[in-house]
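A.B. asks: Sequence and predicted structure, then a few things I'm wondering about:
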Amino acid sequence: MKSLLQQCALVMAVALITFQAQAGKIDPNLPGISYIQYPSFDILSPGQMLTVGGQLRMPASDGDDMAAVVILHGSAGVDSRGSLYARALNDAGIATLEIDMWGARGITGAGDRPPLPTFTLPDAFGALRYLADTPGIDANRIGVLGFSWGGVMSLLAAEKSFSFLGMGHEFAAHVAHYPVCWAYNVPLPLPGGGSIVIPFNDLTGAPVLIQIGSLDDYDEGGAPCENLAASFPEVSVRVYPNAHHAWDRLQPALTVQDPFSHLGAGGEVNIIPNPGKASQSTRAVVNLFSDAFGL
């Protein structure tokens, strides 16, 4: 048995040497990846602390502190979208921290998500504070990118009502993908009765980019996002023709049910990947953050 294992090890070693010879030297510009944890708290359970995990990717640096972006997943949890944008941002010299809000709460899928994205905002601001204290990161050049549930959070992080969660730190730029634009400044029902209004009317002034597909089943097109942005010169909207909700989720298509879809009437949401639109939206994300960070 030992001889067989030794032979297998030798074969693997030869294969590795051959691969390295073909691939050349390791690229020193590839990001260093580490898995980190930081404290947050659960608004639904006052006094209960959470430990949020995340993947921190730090590109090679020339010695200056670098900009960074917090990446917030959608209702289904961490998926292909985060890594798609993380790679593009890293290639542009921007660090990324993709966090797992569901893992911190023991949530396995969209069916167990909290009532509203406001309840997970402490996780986003906790990531901001973590990055601000990380050596090599410029505390004044930290942005946030979110998808659907995370997109709502990215928008709300630009609202002054929630700035106190940053404990002296604010995001320098925001990108919100398909963030259910009809649902702000109106009463939203809560499970068990009552309602809550999610404000979006007094912003920090940081640039905000909303990206949405013309076939999005939550807003039924881009008009609600354009209406929401109309009063704010720092908020821009990009509508992708013939793109569904989560066009940049480059995984098999699926259909889900959500009570917040179809302008609050509820019903089916079609999630259909569109690689061409994903490529365009990735470039738009990198451009927004590069401009905001002065890169």
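C.D. replies: That came through fine. Just so it is clear, the model here is predicted, and its values are computed rather than measured. Numbers count the residues shown, from 1 in each chain.
A.B. asks: Which strand or helix spans Asn227?
C.D. replies: If you go by DSSP states H and E, Asn227 is part of helix 223-229.
A.B. asks: Run through who's touching that helix.
C.D. replies: Here helix 223-229 makes contact (C-beta atoms under 8 Å, 6 or more residues apart in numbering) with 179, 181-182, 184, 200, 208, 210, 212, 219, 235-237, 239, 263. All C-beta atoms are positioned from the backbone trio N, CA, C, and that covers glycine.
A.B. asks: Most neighbours among those, which one is it?
C.D. replies: Counting neighbours by other C-beta atoms under 10 Å, the top entry in those is Pro179, with 31 neighbours.
A.B. asks: show me the contacts for that one.
C.D. replies: 146, 148, 151-152, 154-155, 210, 212, 225.
A.B. asks: and whichever strand or helix holds Thr96, which strands flank it?
C.D. replies: Element membership of Thr96, judged by DSSP H and E, is strand 95-100. The pairing partners recorded for strand 95-100 under DSSP bridges are strand 49-58 (antiparallel), strand 66-72 (parallel).
A.B. asks: next structured bit after the last one?
C.D. replies: If you walk from strand 66-72 toward the C-terminus, the next helix or strand you reach (DSSP H and E) is helix 80-91.
A.B. asks: buried residues in that next one?
C.D. replies: Buried positions in helix 80-91, judged by neighbour count with 16 or more other C-beta atoms under 10 Å: 81-86, 88-90.
A.B. asks: likewise stretch 203-218?
C.D. replies: Judged by neighbour count (16+ other C-beta under 10 Å), stretch 203-218 contains these buried residues: 203-204, 206-213, 215-218.
A.B. asks: ditto for stretch 283-292
C.D. replies: So for stretch 283-292, counting by 16+ other C-beta under 10 Å, buried means 284-286, 288-290, 292.
A.B. asks: For the residue lying closest to Tyr184 once chain neighbours are set aside, give its distance to Ile137.
C.D. replies: Leaving aside its chain neighbours, Tyr184 sits nearest to Phe200 (4.0 Å; criterion: C-beta to C-beta, 6 or more residues apart in numbering). For Phe200, the distance to Ile137 equals 28 Å [C-beta to C-beta, to the nearest Å].
A.B. asks: what's the answer for Ala86, then?
C.D. replies: Relative to Ile137, and taking C-beta to C-beta, Ala86 is found at 15 Å.
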